[in-house]
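Participant: Give the three-dimensional model of this entry:
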Amino acid sequence: MNFDYNFGNDFYKYYGNEGWKCTKYKIMAPAQSQENQPGMEYLMAPEPIFDNPNYQGSCKLQDKIAIITGGDSGLGRAAAIAFVKEGAKVVIPYYNEDKDAIDTKHYIECLGGECLLLPGDISDKNFCKTIVNETIKKYSKIDILVNNAGVQYQQDNFEDISDEQFDKTMKVNLYGMFYLTKAVLPYLKSGSSIINLSSVTTFYGDPQLIDYVMTKGAIVGFTRALARNLALKNIRVNAIAPGFFWTPLQPACWEANKIPSLGSDSAMRRGAMPYELAPTFVFLASDDSSFMTGQVIHNNGGQVMG
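Facilitator: Here you go, the predicted structure:
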């Protein structure tokens with residue numbers, strides 16, 4: 001039997017007859033938790049770093065219009081900030097994280113950018129239509145779609161996944177992506193980009209996130225099939241499979257005592273801050289990736305390789 005134990009900055013694992021072994025890793029945050037999904041960024045300690053002040057835009061997305069679901073916080077916020085630095089205007093649909101959303105909008109405006117906030121439930125087909133209608137009404141076009149919003153719930157036993165949890169995970173993570181992509185597609189033109197968020201958990205099968213892993217695996221399939229479907233229209237579809245990033249999803253999902261060790265099983269022995277993923281979003285949204293479609297980019301610190 002294997003047992004894990006955290007003490008300070010050391011991570012100990014018990015290997016039966018081999019005894020305890022210690023592996024150094026960097027703790028990103030102390031133990032903490034939040035009660036509701038998808039979590040509030042302003043309640044996190046420390047708060048995530050979503051902007052690299054040394055990142056200088058070079059007009060890669062000048063005058064582009066980008067919809068970023070869940071762009072109020074976490075990885076979506078980091079993407080929104082980077083897109084704005086590259087000259088894009090962003091539309092951010094979010095669930096109920098009003099303070100995070102307003103803070104993000106204010107930060108973008110301080111950068112000289114423009115942001116449209118749209119609160120609602122991404123799993124509602126009518127809300128997805130509203131997102132597109134409001135975007136077209138304000139900006140008359142859509143160039144980039146980032147399907148980032150999602151939820152995840154920790155369950156140690158498969159039998160403990162309730163019908164309600166399963167239904168919620170499927171509808172937010174998959175139905176929302178399907179409905180919004182379908183609504184956006186008529187407005188995308190040659191050179192447009194769709195970016196879907198999968199997860200490293202798909203590639204090693206996290207035993208405590210079974211329903212979540214199901215959705216993230218389905219997103220890989222969706223990405224590849226849609227990429228082939230749209231290739232001759234020169235509309236690119238790619239996915240990102242992040243490892244552990246310090247976002248509100250983590251304390252809203254995991255038991256508090258697991259937070260300090262998250263990311264410790266990667267080759268780099270650490271998790272990452274959202275700003276470290278921002279350039280990947282820019283790469284996939286811009287012409288820098290003009291010959292890339294149907295791909296999954298793995299930003300996971302070496303947790304899964306190959």
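Participant: Am I right that Asp211 is in a helix?
Facilitator: Yes - when classified by DSSP: H, G, I helix; E, B strand; the rest coil, Asp211 is found to be part of a helix.
Participant: so what's it up against?
Facilitator: 153, 155, 161, 165-166, 169-170 (C-beta atoms under 8 Å, 6 or more residues apart in numbering). C-beta: built from backbone N, CA, C; applies to glycine.
Participant: From these, list just the buried residues.
Facilitator: Among those, those classed as buried by 16 or more other C-beta atoms under 10 Å are 153, 155, 161, 165, 169-170.
Participant: Of the residues you listed, which pair is most distant in space?
Facilitator: Gln155 and Met170 (14.6 Å; C-beta to C-beta).
Participant: Quick check: which element contains the closest residue in space to Gly120 that isn't next to it in sequence?
Facilitator: In space, and not counting its chain neighbours, Gly120 is closest to Phe127: 4.0 Å by C-beta to C-beta, 6 or more residues apart in numbering. Remark: Phe127 resides in helix 125-139, with elements defined by DSSP states H and E.
Participant: Contact partners for Ala231?
Facilitator: Ala231 sits in contact with 293-294, where contact means C-beta under 8 Å, 6+ apart.
Participant: what about 7 Å?
Facilitator: Taking C-beta atoms under 7 Å, 6 or more residues apart in numbering as the criterion, Ala231 is in contact with Thr293.
Participant: does it count as helix, strand or coil?
Facilitator: Classification of Ala231 using three-state DSSP returns helix.
Participant: coming back round to it: ok, which pair from the contacts of Asp211 is furthest apart?
Facilitator: Largest pairwise distance in the contacts of Asp211, by C-beta to C-beta, is 14.6 Å, between Gln155 and Met170.
Participant: Next, please give the residue ranges for the helices of the protein.
Facilitator: Counting by DSSP state H, the chain has helices at residues 74-85, 98-110, 125-139, 163-170, 176-184, 201-204, 210-230, 249-253, 278-285.
Participant: quick one: pLDDT of Phe7?
Facilitator: Among the per-residue scores, Phe7 holds a pLDDT of 41.
Participant: Any idea how many residues pack against the nearest residue to Gln303 once chain neighbours are set aside?
Facilitator: Spatial nearest neighbour of Gln303, excluding adjacent residues (C-beta to C-beta, 6+ apart): Ser266 at 3.8 Å. When counting by other C-beta atoms under 10 Å, one arrives at 20 neighbours for Ser266.
Participant: ok, Ser266 touching Val304?
Facilitator: No - using C-beta atoms under 7 Å, Ser266 is not in contact with Val304; the gap is 8.6 Å.
Participant: Can you show me the strands along the stretch 1-150 of the chain?
Facilitator: Applying DSSP state E, counting those that start in this stretch to the stretch 1-150 of the chain gives strands spanning 2-7, 10-15, 20-24, 65-68, 89-94, 115-119, 144-147.
Participant: weakest of those in terms of mean pLDDT?
Facilitator: For the strands of the stretch 1-150 of the chain, mean pLDDT drops lowest on strand 2-7, to a mean of 42.
Participant: ok, the residue lying closest to Ile219 once chain neighbours are set aside - contacts?
Facilitator: Once flanking residues are discounted, Ile219 sits nearest to Ser198: 4.6 Å by C-beta to C-beta, 6+ apart. Going by C-beta under 7 Å, 6+ apart, Ser198 touches 216, 219-220, 239-241, 296.
Participant: Make JSON lines out of these and add neighbour count, distance to Thr69 and pLDDT.
Facilitator: JSON lines is the format used below for the contacts of Ser198 (neighbours: other C-beta atoms under 10 Å; distance: C-beta to C-beta, whole Å; pLDDT from 0 to 100):
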{"residue": "Lys216", "neighbour count": "25", "distance to Thr69": "15", "pLDDT": "98"}
{"residue": "Ile219", "neighbour count": "23", "distance to Thr69": "13", "pLDDT": "98"}
{"residue": "Val220", "neighbour count": "18", "distance to Thr69": "18", "pLDDT": "98"}
{"residue": "Ala239", "neighbour count": "26", "distance to Thr69": "14", "pLDDT": "98"}
{"residue": "Ile240", "neighbour count": "24", "distance to Thr69": "14", "pLDDT": "98"}
{"residue": "Ala241", "neighbour count": "22", "distance to Thr69": "17", "pLDDT": "98"}
{"residue": "Val296", "neighbour count": "16", "distance to Thr69": "19", "pLDDT": "98"}
